[in-house]
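S.K.: Give me the fold of what follows.
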Amino acid sequence: MAASGRPRRGAPAEPPGSAGAAGAGARDSGHARVDLVENSSIAAVQSEQRFTTVRKKAFPMSLVLDSAAQDLLFREARTANSFSDEPVTEEQVQAIYDLVKYGPTAFNQTPLRITLVRSPEARERLVKHMAEGNAAKTAAAPLVAILSADNEFHEELPQLLPHFPQAKDVFFAERPVREQSALLNAALQAAYFIVGVRAAGLAAGPMTGADFAGIQKEFLDADHTPLMVVNIGKPGEDTGFPRSPRLEFDQVITTV
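M.R.: Numbering: from 1, shown residues only. The predicted structure follows:
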């Protein structure tokens, strides 16, 4: 048997150092390089396929919402830092609110207030209160909304809770209680609003880096607590940072 290894069955072994052996080695090396490239490409495609499968994996009856809608609202949606020049119309904002107003809150209260900043003069007044890193994108966004909590929301409870109008006085007669409830439930509504913006095919850029005392004085009053400023529009090409990780199911969910 040749020292270089077992010969193929039915074929004579090439003696070591022969031209045939050298040629075979070169061919094998070339094939190996081609195989390596092909295998790397296949592995990359398979990795992407696995990622896509995991990303869109849904067990039967687990989610009723179709995959495209799930992507639009969550998986593919990003916080926008740049926008196209396409305007956001009043009709779009109306459609967003008419959808998200049905999100649940305690006692069906609706403390969220949305101030749309459209005029150049108002935009300039707002930008001066934004943190340095948020000023330029707030100045350039097609539409900016100031989201605030109305601490006098209880006055509307007889209208919103007709089966228990007494809730206005039974639970919310004291201002500190109203402020706490308004903050929590307006924050819930703000989250619904962001999802509603995405449902309209737009992107939202919520920000809390701002002088909220200045914004309250400039645009609101003592009964309205500003929560965040949200830039709204069709997303631009610059998506900013890659998507950050999220905690996995087992890190968040506990069953008792």
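
S.K.: Mind pulling up the pLDDT for the most centrally placed residue in the chain?
M.R.: Centroid-nearest residue in the chain: R78, 3.9 Å away (criterion: CA atoms, centre = their mean). On pLDDT, R78 comes in at 91.

S.K.: what does the one 4 residues further on give?
M.R.: Confidence per residue is given as pLDDT, and for S82 that number is 92.

S.K.: Excluding chain neighbours, give the residue nearest to it in space.
M.R.: Nearest residue to S82, sequence neighbours excluded (CB to CB, 6 or more residues apart in numbering): G236, at 3.4 Å. Quick note: C-beta positions are derived from backbone N, CA and C, even for glycine.

S.K.: Can you name the residues that contact that neighbour?
M.R.: By CB atoms under 8 Å, 6 or more residues apart in numbering, the contact set of G236 is A80, S82, F83, S84.

S.K.: any idea how far E86 is from it?
M.R.: According to CB to CB, to the nearest Å, G236 and E86 sit 10 Å apart.

S.K.: just I146 next, same as before
M.R.: In this view, I146 and E86 are 21 Å apart by CB to CB.

S.K.: Likewise for G205?
M.R.: 15 Å.

S.K.: other SSEs contacting the top strand by length along the chain?
M.R.: Determined from DSSP state E, the single longest strand within the chain is strand 224-233. When contacts are defined as 3 or more CB pairs under 8 Å, 6 or more residues apart in numbering; DSSP states H and E, strand 224-233 sits against helix 132-140, strand 143-150, helix 175-199, strand 203-207, helix 212-219.

S.K.: Low-confidence stretches in the stretch 1-150 of the chain?
M.R.: In the predicted model of the stretch 1-150 of the chain, residues 1-61 satisfy pLDDT under 70.

S.K.: which of G205 and E86 has more neighbours?
M.R.: Neighbour count, other CB atoms under 10 Å: between G205 and E86, G205 has more, with 24 against 10.

S.K.: for that one, what are its contacts?
M.R.: Taking CB under 8 Å, 6+ apart as the test, what G205 contacts is T79, A80, N81, K137, A141, V230, N231, I232.

S.K.: beta partners for the nearest residue to it once chain neighbours are set aside?
M.R.: Residue nearest to G205 in three dimensions, not counting chain neighbours: N231, with 3.8 Å by CB to CB, 6+ apart. Counting by DSSP bridges, N231 forms beta bridges with V144, G205.

S.K.: Can you read off the pLDDT for N231?
M.R.: 98.

S.K.: Next: the one 4 residues further on.
M.R.: If you check P235, the pLDDT there is 91.

S.K.: That one contacts E86, correct?
M.R.: No: taking contacts as CB atoms under 8 Å, P235 lies outside contact range of E86: 10.2 Å.

S.K.: Neighbours of D238, how many?
M.R.: D238, neighbours per other CB under 10 Å, totals 10.
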